[in-house]
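Only the shape, not the letters, is given here:
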């Protein structure tokens with residue numbers, strides 16, 4: 001059902017998949033989907049914000065599933081189970097933010113609501129009037145008389161994800177834009193959106209305010225002694241009285257926890273590598289996450305393309321790592337043969353678990369202990385199909401490297417067009433103490449009788465001896 005801006009439609013109270021899509025191409029910026037769970041128009045805490053750095057809501061009702069590209073079309077997907085949304089939540093806002101440009105440069109922007117189980121489209125809204133906006137509220141779910149509805153919104157923001165998040169009550173860790181230049185001495189231009197903007201002079205200043213119109217120096221404009229964000233209804237004073245202030249509405253309670261970090265690094269074919277050191281990821285545990293979805297029916301390699309189905313119950317992907325330490329030792333971390341590794345002793349890499357369906361919200365995870373980064377020469381992260389499919393065709397996977405400190409690094413795998421059962425994901429190399437992450441996203445086709453692990457070894461020159469193993 002195609003909707004017009006401002007229209008609404010009832011939606012079933014069950015698991016839904018929200019797909020935001022656009023056409024990719026030269027000069028088209030990347031975009032990211034997000035969701036905000038609101039009470040009276042605001043989040044209750046920063047945990048009510050679901051996006052690439054915070055991919056799952058504590059209730060389990062909303063999670064960010066990641067991006068996929070297919071023939072020039074890019075989609076970023078949110079999973080929302082309306083039956084699990086807490087009763088206090090009135091609205092779930094569905095937004096998108098542009099990274100490296102505006103939505104006027106993003107062709108074919110749309111939002112779709114799909115039944116998560118059957119894949120049937122419930123609603124669709126195409127946004128066609130974007131210009132300079134860098135964030136968009138494309139739609140929202142809201143409660144009405146005990147049922148849920150979806151509304152096509154189409155409201156843009158020129159202040160990006162940061163401005164959108166702040167508008168709904170999110171505490172942001174750092175600004176995502178450059179600070180404005182200092183005010184020129186001849187004119188102070190007030191702006192309402194930034195707390196560091198100069199305060200305009202009062203039209204009729206009280207006698208107590210010192211006049212200094214022509215002797216200002218670098219700093220705030222001469223409207224009196226500096227104060228911290230005075231209420232807009234109160235005139236500026238030299239020293240606010242401690243006991244005789246008029247009654248005002250109490251400020252919202254201070255939310256516990258660290259502010260939300262909006263920064264991230266997305267690796268692409270054009271920009272495939274990043275320095276963890278320059279991103280601040282030099283210590284602590286770094287989680288390497290693989291999350292995947294099965295979007296198409298398996299019936300022989302590459303067949304029945306485009307038919308949406310639920311997750312394939314028999315599919316088992318394994319996240320693995322080949323490592324080479326600075327002392328020359330080599331090995332593999334994988335579920336096969338129960339070689340799960342160790343975090344606090346060599347190889348300082350540990351496989352957290354084995355997700356056999358892709359339905360576990362956190363997917364599969366490897367943890368790398370960056371406190372021992374000097375012990376690493378190189379690490380190759382790769383994934384194999386243990387059983388349930390003949391290739392990576394019909395699969396969509398997202399890889400995220402999340403250091404304890406520093407911005408997360410993520411990328412999506414391109415569509416697989418060969419009968420591959422093993423994919424090299426990322427190569428981490430120690431370059432004079434600087435850990436460099438290189439996006440590989442390389443599908444490999446093993447020769448007959450050659451295991452996926454041995455295939456990766458041969459291509460990347462690890463030189464290990466392999467024997468058959470089982471889980």
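Everything's here; your move. In this text, all values refer to a predicted model and were calculated from it rather than measured experimentally. Residues are numbered from 1 along each chain as shown.

list the buried ones in stretch 416-423?
For stretch 416-423, a neighbour-count test (16 or more other CB atoms under 10 Å) marks 416, 420-423 as buried. From N, CA and C alone the C-beta is placed, and that goes for glycine too.

avg pLDDT for it?
The average pLDDT within stretch 416-423 is 90.

chain center to it, what's the gap?
26 Å (CA atoms, centre = their mean, to the nearest Å).

ditto for stretch 459-471
So, by CA atoms, centre = their mean, the centroid of stretch 459-471 is 34 Å from its chain's centroid.

and if you look at stretch 325-341?
With CA atoms, centre = their mean, you get 30 Å for stretch 325-341.

Can you point out the buried residues in that stretch?
325, 331-336, 340-341.

Kindly indicate which of those lies nearest residue 77.
For the buried residues of stretch 325-341, the closest approach to residue 77 (CB to CB) belongs to residue 335, at 26.5 Å.

is it true that the closest one touches residue 350?
No. With contact defined as CB atoms under 8 Å, residue 335 does not reach residue 350; the gap is 11.9 Å.

Now, the buried residues of stretch 325-341 that are in strands?
Under the assignment DSSP state E, those contribute 325, 331-333, 341 to strands.

could these go into JSON lines alongside pLDDT and distance to residue 35?
Below are those laid out as JSON lines (pLDDT from 0 to 100; distance: CB to CB, whole Å):
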{"residue": "325", "pLDDT": "96", "distance to residue 35": "42"}
{"residue": "331", "pLDDT": "95", "distance to residue 35": "41"}
{"residue": "332", "pLDDT": "96", "distance to residue 35": "38"}
{"residue": "333", "pLDDT": "95", "distance to residue 35": "34"}
{"residue": "341", "pLDDT": "94", "distance to residue 35": "35"}
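
on that earlier part again, output the buried residues of stretch 325-341 as JSON lines; include the columns distance to residue 79.
Output for those, formatted as JSON lines (distance: CB to CB, whole Å):
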{"residue": "325", "distance to residue 79": "39"}
{"residue": "331", "distance to residue 79": "36"}
{"residue": "332", "distance to residue 79": "32"}
{"residue": "333", "distance to residue 79": "29"}
{"residue": "334", "distance to residue 79": "28"}
{"residue": "335", "distance to residue 79": "25"}
{"residue": "336", "distance to residue 79": "29"}
{"residue": "340", "distance to residue 79": "28"}
{"residue": "341", "distance to residue 79": "30"}
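
Residue 390: which of those is nearest?
Nearest to residue 390 among the buried residues of stretch 325-341, with distances taken as CB to CB, is residue 336, at 18.4 Å.

do you know how far that closest one is from residue 441?
Here residue 336 is placed at a distance of 22 Å from residue 441 (CB to CB, to the nearest Å).

swap in residue 121?
With CB to CB as the criterion, residue 121 and residue 441 are 29 Å apart.

neighbour-wise, which of these two wins?
Here residue 121 and residue 441 are set side by side on neighbour count (other CB atoms under 10 Å), and the busier one is residue 441, at 19 against 13.

three-state assignment of residue 37?
strand (DSSP: H, G, I helix; E, B strand; the rest coil).

ok, residues contacting stretch 439-452?
Around stretch 439-452, the neighbours that count as contacts under CB atoms under 8 Å, 6 or more residues apart in numbering are 267-269, 272-273, 380, 384-385, 392, 411, 413-414, 416, 418-427, 454-456, 458-459, 466, 468.

Report the buried residues of it.
439-444, 446, 451-452.

before we move on, what about stretch 394-408?
So for stretch 394-408, counting by 16+ other CB under 10 Å, buried means 394-403, 406-408.

I'd guessed residue 325 sits against residue 349; true?
No. Residue 325 sits out of contact with residue 349 when judged by CB under 8 Å, with a separation of 10.0 Å.

Quick test: name the residue nearest the centre of the chain.
residue 52 (1.2 Å; CA atoms, centre = their mean).
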